[in-house]
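Chemist: Got a sequence here, can you build the structure:
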Amino acid sequence: MATTIEKGYQDFIEVKSNGDIIPINGVNSRTPYDHQKSAMEALDRINKEKAFSTLVVLPTGGGKTYTASTWLLKNAINAKKKILWIAHRQMLLEQAAESFQKFAYAEVIPSISSFCFRIVSGSSNHDSTIDIDPKDNLLIISKDSLGRNLNRIDKWLEGENEVYFVIDEAHHSTAKTYRKVIDHVKSKVANVKLIGLTATPFRTAEDEQGLLGKIFTDGLYKDNTVAHGDVGIAYKVDLKELISKQILARPIFESYYTDQEYGQHLGVDAWESIQHLDVLPEKLAKQMEESAVRNKLIVETYKAKQHEYRKTILFAVNVGHAIQLKTVFKKAGIEADYVVSSIKDMGTGVNRSPKDNELVLEKYRNGNLQVLINVNILTEGVDLPQTQTVFLARPTVSTILMTQMVGRALRGTLAGGTESAYIVSFIDNWDENIAWVSPESVFNGSNEFRETKYDKFKRDLRLIAISKIEEFATILDDAVDTSELENIPFLKRIPIGMYAFTYLEENGMDHAYQVMVYDSTQEAYKNLMESLPELFDSFKAENEYLPNELLEAMEEQCRDTFFCGTMIPPYEKRDVINVLKYYAQYDAAPQFYTFDEVDRKKLDLTSIAKYIWDEDLGTRKKAEYLESLWNSTDDNIMKIFFTRKTYFLKQVDIEVMKIAHGIEPEANNVIPGKKSLEKLPLDKIREINPEYEKELRQQAFEQSKDEDGNYCCANCKMKSSSKVYFQVDHIIPMNEGGTSVPENLQILCRKCNGIKGDNH
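Modeler: Okay, here's the model as predicted:
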């Protein structure tokens, strides 16, 4: 006899990741602004097409999500058409769902009694792709979840003749996964209505314009007819226009100099952590956190103008810094508290949960806090009206983060905010030339499609100067032999251009990168870029995010194939890896930019040194001459490029020494033993004579060609016109007496070479 077991627990829970949205009775009290109405009207006109693909460009604070969700409720949900909304960050997914719920008024969706929504991502708080139900009307899903499980939406799309498809942060839509998703949806549905939302459509002018133009093809002519070709934009408004209309507050910039010095002699890892990841090394962050002088300046600055600054959000360096500042504010009689994304074993005895954070935010909203200190949590997505001021007590190299921080105070009077907003920066002395973003730059040329010639020139100079940091650090380090670098003409050490690009890390954060290209590496990079399709094919690298082991193997192949021979300055391994990461996402080589506007002759230290030598300038006249060069150039190119006068003077002295004495041999009383190069492996030969190693590799490839000019694996006879499928191998292994001579070298495909290696 079966026994019924009583469940002593609830067998379901309520979740926020899916559900039914019931129309709200009454009238929506929020009236769209003129620019939002114009954007919706533009979409109305484009919506007359059976299918379209267009962009809506609104700046941070312009209400992109509100505008799109309100329009879609009326035009898609009310018409019982499905909506697919994708983004690359979980927070953006939740913001979209909240907007549809908040503005689902009966007056907008009178034809339906309810509609189903679902949020899908890798988060445990959201549903999985397996949960997608054909009955879902609104599917809000992360790019990666959908990209890895495309077939999971086939039943959801089945039978649909028309689908509305929204890509949030659409400037990322040229990435491979986005394009794969777009193509898949278009293959399943006859009429796809694609809307891209973005604040920054073009980060690098023509290059990304061209990529986006292949996806977003439909815009509006001035006569309101639909235009096809170029980059299709239904509507665009810039930041300055919204400020002039008081939708956004007018920024007032203030700067205070702390006189604190940081970053002396940064190592390469620390500099990279800042420049490419926007993460301050722990030691540096600790210094800033514990600087009593700096913290006192921040608090006294607020106290002196608290009646003007009023409610202020302060961005701190780290959690310890937030705690320190709260203490100093409290001693000064100012109500302050902090919110943080997380605290893990800090030894502070403090534990802040999301509920604790919300209580602090409520105190701030109610006016019980004057200053809200935060770390990594209030950059976007939190409603904090009447914030008058932002204190920037942490530096950043991220334009996106700076835009988000500044945006916390930009709500204008028409949006329930303030007429003006104070943006207060605390500026430290940094010995290294870090490309910190200034808050003013957020407003300079905001959302303009092209930068001016002068802006490009300034950017070029800044990036060239950044490229010199490692060289500077190396020359200062007496333990490193820099004679090869110093012996080449100085102009050869100035980049001729750069590959500049942005890609997404797997955590959803933007990663901006520049690869400096010199005379020595120009040809190698050109060959690499042309061979990227074959390289990825040879490694069967198809995913958008490649594992580190695969990236390392691919970089090693690039090194042996393209970067052989003498290269001074040399190529950097990390540069190639970042190029590979970009290609993995976009299936396209990054854009190359030349530094045509930079007058390299002004930086020709060889000519400057020759003038000093030929004119026989004494100590005083030489000092006066160099001082005039340092201060007199109209474009300030010397200071921008060299950063420090001491670096400039040292480099001039090195050039003068070359003319005066040539290369002085070092005394050595040890007669070393000798070993033939042919008894060394190729990687060792590279260290001693890179040109000979290059010659050996070239001969190995040349002697492997067949009558059609294809390279041929000596074992399996696989053929290809590209070198990236093959590796140079010793016919008789070196541990069996083989030597590195042309007669003992062959090429094998990587598979055969791997098998041979396993057998020895």
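Chemist: and Glu572, how far is that from Asn18?
Modeler: 47 Å (CB to CB, to the nearest Å). Using the backbone N, CA and C atoms, a C-beta is placed for each residue, glycine as well.
Chemist: Neighbour count: these two, which is higher?
Modeler: Set side by side, Glu572 and Asn18 show unequal neighbour counts under other CB atoms under 10 Å, the larger going to Asn18 at 20 against 15.
Chemist: List the contacts of the closest residue to that one other than its chain neighbours.
Modeler: Beyond its immediate neighbours in the sequence, the residue positioned closest to Asn18 (CB to CB, 6 or more residues apart in numbering) is Arg118, lying 4.2 Å away. Taking CB atoms under 8 Å, 6 or more residues apart in numbering as the criterion, Arg118 is in contact with 17-18, 127, 131-133, 136, 138-140.
Chemist: Are we agreed that Pro672 is in a helix?
Modeler: No: secondary structure assignment places Pro672 outside any helix; it is coil (DSSP: H, G, I helix; E, B strand; the rest coil).
Chemist: what residue ranges in the stretch 301-450 of the chain are flagged as low confidence?
Modeler: Low-confidence regions of the stretch 301-450 of the chain, defined here as pLDDT under 70, cover residues 341-354, 377-383, 385, 399-400, 431-435, 442-450.
Chemist: if we go to 90?
Modeler: Counting by pLDDT under 90, the stretch 301-450 of the chain contains low-confidence ranges at 317-320, 339-362, 365-367, 374-388, 393-421, 427-450.
Chemist: cool, the stretch 101-250 of the chain as well?
Modeler: Scanning the stretch 101-250 of the chain with the threshold set as pLDDT under 90 gives 122-125, 148, 169-176, 198-214, 219-232, 237-250.
Chemist: how close does Lys311 sit to Glu555?
Modeler: When CB to CB is applied, the distance between Lys311 and Glu555 equals 50 Å.
Chemist: what are the bridge partners for Ser250, then?
Modeler: Not quite, residue 250 is Arg, not Ser. Ser420 (DSSP bridges).
Chemist: Does it touch Lys240 like I think?
Modeler: No: the criterion here is CB atoms under 8 Å, and Arg250 misses it with Lys240 at 10.0 Å.
Chemist: returning to that earlier point: now name the helix or strand holding the residue nearest to Asn18.
Modeler: In this structure, Arg118 is located in strand 115-120 according to DSSP states H and E.
Chemist: Only the buried residues of that strand, if you could.
Modeler: By 16 or more other CB atoms under 10 Å, the buried positions in strand 115-120 come out as 115, 117-120.
Chemist: again, but for stretch 721-730
Modeler: Buried residues in stretch 721-730, counted by 16+ other CB under 10 Å: 722-730.
Chemist: For Phe269, which three-state class applies?
Modeler: Actually, residue 269 is Asp. It isn't Phe. What three-state DSSP gives for Asp269 is helix.
Chemist: Now do it against Lys283, distance only.
Modeler: 12 Å.
Chemist: go on, Ile233?
Modeler: Counting by CB to CB, the gap from Ile233 to Lys283 is 46 Å.
Chemist: Same drill for these two, tell me which one is more crowded.
Modeler: Set side by side, Ile233 and Lys283 give different neighbour counts by other CB under 10 Å, the larger being at Ile233 (21 against 9).
Chemist: Quick one: residues contacting that one.
Modeler: Contacts here follow CB under 8 Å, 6+ apart; on that basis Ile233 touches 54-57, 201, 216, 219-220.
Chemist: give me the beta-bridge partners of it?
Modeler: The partner list for Ile233 in beta bridges (DSSP bridges) reads Leu55.
Chemist: Quick one: list the elements packing against the helix or strand where Asp428 lies.
Modeler: If you go by DSSP H and E, Asp428 is part of strand 420-430. Judged by 3 or more CB pairs under 8 Å, 6 or more residues apart in numbering; DSSP states H and E, strand 420-430 is in contact with strand 250-262, helix 292-304, helix 306-309, strand 389-392.
Chemist: Closest to Ala104 out of the contacts of Arg118?
Modeler: Leu138 (10.0 Å; CB to CB).
Chemist: list the contacts for the residue lying closest to that closest one once chain neighbours are set aside?
Modeler: On the basis of CB to CB, 6+ apart, the spatially nearest residue to Leu138 that is not a chain neighbour turns out to be Phe117, at 4.1 Å. Residues counted as contacts of Phe117 (CB under 8 Å, 6+ apart) are 18-21, 97, 100-101, 136-140.
Chemist: Please list the members of the residues you listed that lie in strands.
Modeler: With DSSP state E as the criterion, strands contain 18-21, 138-140 from among the contacts of Phe117.
Chemist: Could you point out which of the residues you listed is nearest to Pro110?
Modeler: Closest to Pro110 out of the ones in strands among the contacts of Phe117 is Ile21 (14.4 Å), distances taken as CB to CB.
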